[in-house]
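Asker: With the sequence up front, the predicted model follows.
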Amino acid sequence: MKRSLRIISLCSIFSLFVVAIPAVASIPANLIPAKATIVGTINVPRVLALPVFANLYNDIRQAEAQAGFEFASLGVLPWFAIAHGSQDPAAAAFVRNLPDSVFSRGTQSVHNGTTLYKFTEGDTSVAARIDGWVVLGNLKGVKAVIDAKRSGQTLASSGRTAAFNELAAKSSGLVTISYVPTDRDLRKLKKDFASMSELTPFISGFTGLAFGIDHIGQNLILKTAALSTSDSATVAANTLRMMKTGYQQQFDAMMNMYAAQMPPAVGQQVRQAWNSISIQSEGAALVITAAIPVSLLDMLVAQMGAAMGGGGSEE
């Protein structure tokens, strides 16, 4: 029973990847709706190659057998979301290489002349073939792509594609999430952050933010990039470096306080992660990176599992 549940969970995880995660590698800007504020990519083959998936090899193979294709064949998935304070954003991903057999199991409907496929009765995701892509997402997301192509109101026509591409280049990795607000959202955002006086010039010129995760050697690399102006990015980097220096004493005191409650290896790697934080200005971008040892995450997960006392046999 538990093995079956894991297979279902794996399918659900990959469904989430293709309906709710944006990334930018050759994004189809002529299909993404102009109102999209989040665009990203997920490198499926590299994600599957992470050590964390090694113990799930058999489950992944079984899930692929049920799905009818190898997950690694999905390659790098561009995706988008239209999120303007909505709890149910329109979202979809663009996929190549899905076999026709996948669609033979789906029920069909039509929206603006384009066929929509729904694969299971209780599933909220749908698919459509559009301009050589298979668009997978929730119903609102796929319909938004169809309507954008029909009306021409796309990301390419919005003037924000360059900002998305620049942010993606600064934070590329296994997963990249880039946020470029519309003019309306930008005005509200600047108003909300007006109280941050130390970073006022940077916030005044702010145009977008990106977050990326990569895996290099024994570390997960976390990357954050924010766009503003060159001068304000330099000032913001200097300000944040001074703030980090100012917090060093508090960080050391906290580590000393909890030293007796954590294995020495955990404390050492937490300090390693803290010391790895780099804050730089690169042209008009403020770029912050940190290296988190994978072994630290493994230890923390193991401790959480032990604290929760999970048990039970598999069926």
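Answerer: Arrived safely.
Asker: average pLDDT for the strand or helix carrying residue 225?
Answerer: Following DSSP states H and E, one finds residue 225 within strand 219-227. Taken as a whole, strand 219-227 has an average pLDDT of 94.
Asker: what element comes up after it heading to the C-terminus?
Answerer: The first helix or strand that comes after strand 219-227 along the chain, using DSSP H and E, is helix 230-258.
Asker: Remind me what that next one packs against, helices and strands.
Answerer: Identification of packing neighbours for helix 230-258 by 3 or more Cβ pairs under 8 Å, 6 or more residues apart in numbering; DSSP states H and E yields helix 200-204, helix 264-276, strand 278-282, strand 285-293. Quick note: C-beta positions are derived from backbone N, CA and C, even for glycine.
Asker: Mind doing that once more with 10 Å?
Answerer: Packing partners of helix 230-258 (3 or more Cβ pairs under 10 Å, 6 or more residues apart in numbering; DSSP states H and E): helix 200-204, strand 219-227, helix 264-276, strand 278-282, strand 285-293.
Asker: right, and these - which one's nearest residue 162?
Answerer: strand 219-227 (10.2 Å; Cβ to Cβ).
Asker: Determine the angle, from 0 to 180 degrees, between the closest one and helix 264-276.
Answerer: 30 degrees (axes from the mean of the first three to the mean of the last three Cα atoms, to 10 degrees).
Asker: Going by neighbour count, which residues of strand 219-227 are buried?
Answerer: 219, 220, 221, 222, 223, 224, 225, 226, 227 (16 or more other Cβ atoms under 10 Å).
Asker: so what's the residue of the chain lying at maximal distance from its centre up against?
Answerer: Farthest-out residue of the chain from its mean C-alpha position, per Cα atoms, centre = their mean: residue 260, at 35.6 Å. Residue 260 makes contact with residue 267, according to Cβ atoms under 10 Å, 6 or more residues apart in numbering.
Asker: Test for you: state the pLDDT assigned to it.
Answerer: Looking at residue 260, its pLDDT stands at 84.
Asker: picking that back up, going by distance to residue 282, which of the buried residues of strand 219-227 wins?
Answerer: Checking the buried residues of strand 219-227 against residue 282 by Cβ to Cβ gives residue 225 as the nearest, at 8.0 Å.
Asker: Which residue lies nearest the spatial centre of the protein?
Answerer: By Cα atoms, centre = their mean, the chain has its centre lying nearest to residue 177, at 4.4 Å.
Asker: The closest residue to that one other than its chain neighbours in helix, strand or coil?
Answerer: Leaving out its chain neighbours, the residue that sits closest to residue 177 by Cβ to Cβ, 6 or more residues apart in numbering is residue 40, at 4.3 Å. Of the three states, residue 40 takes strand under DSSP: H, G, I helix; E, B strand; the rest coil.
Asker: Verify the contact between residue 40 and residue 92 for me.
Answerer: No - contact criterion Cβ atoms under 10 Å: residue 40 and residue 92 do not qualify, at 11.9 Å.
Asker: Show me what the helix or strand that contains residue 66 packs onto, helices and strands only.
Answerer: Under the criterion of DSSP H and E, residue 66 resides in helix 57-67. Helices and strands touching helix 57-67, by 3+ Cβ pairs under 10 Å, 6+ apart, are helix 2-20.
Asker: So which residues of the stretch 1-150 of the chain form helices?
Answerer: 2-20, 44-48, 57-67, 101-104, 139-151 (DSSP state H, counting those that start in this stretch).
Asker: that older thread, so which of the buried residues of strand 219-227 comes closest to residue 66?
Answerer: Using Cβ to Cβ, residue 220 comes nearest to residue 66 of those, at 29.5 Å.
Asker: Please name the nearest non-neighbouring residue to that closest one.
Answerer: residue 292 (4.7 Å).
Asker: Phi, psi for residue 105 please.
Answerer: Dihedral pair for residue 105: phi -90, psi 0, per degrees, to the nearest 10.
Asker: give the contact list for the residue lying closest to it once chain neighbours are set aside.
Answerer: Distances taken as Cβ to Cβ, 6+ apart place residue 119 nearest to residue 105, at 5.9 Å, with adjacent residues excluded. Residues near residue 119 by Cβ under 10 Å, 6+ apart: 15, 67, 102, 103, 105, 106, 107, 125, 126, 127, 136.
Asker: burial measure for the fifth one, as a count.
Answerer: Just to be clear, that refers to residue 105. Residue 105 has 11 neighbouring residues, counting by other Cβ atoms under 10 Å.
Asker: ok, it to residue 99 distance?
Answerer: Look at residue 105 and residue 99: by Cβ to Cβ, to the nearest Å, they are 11 Å apart.
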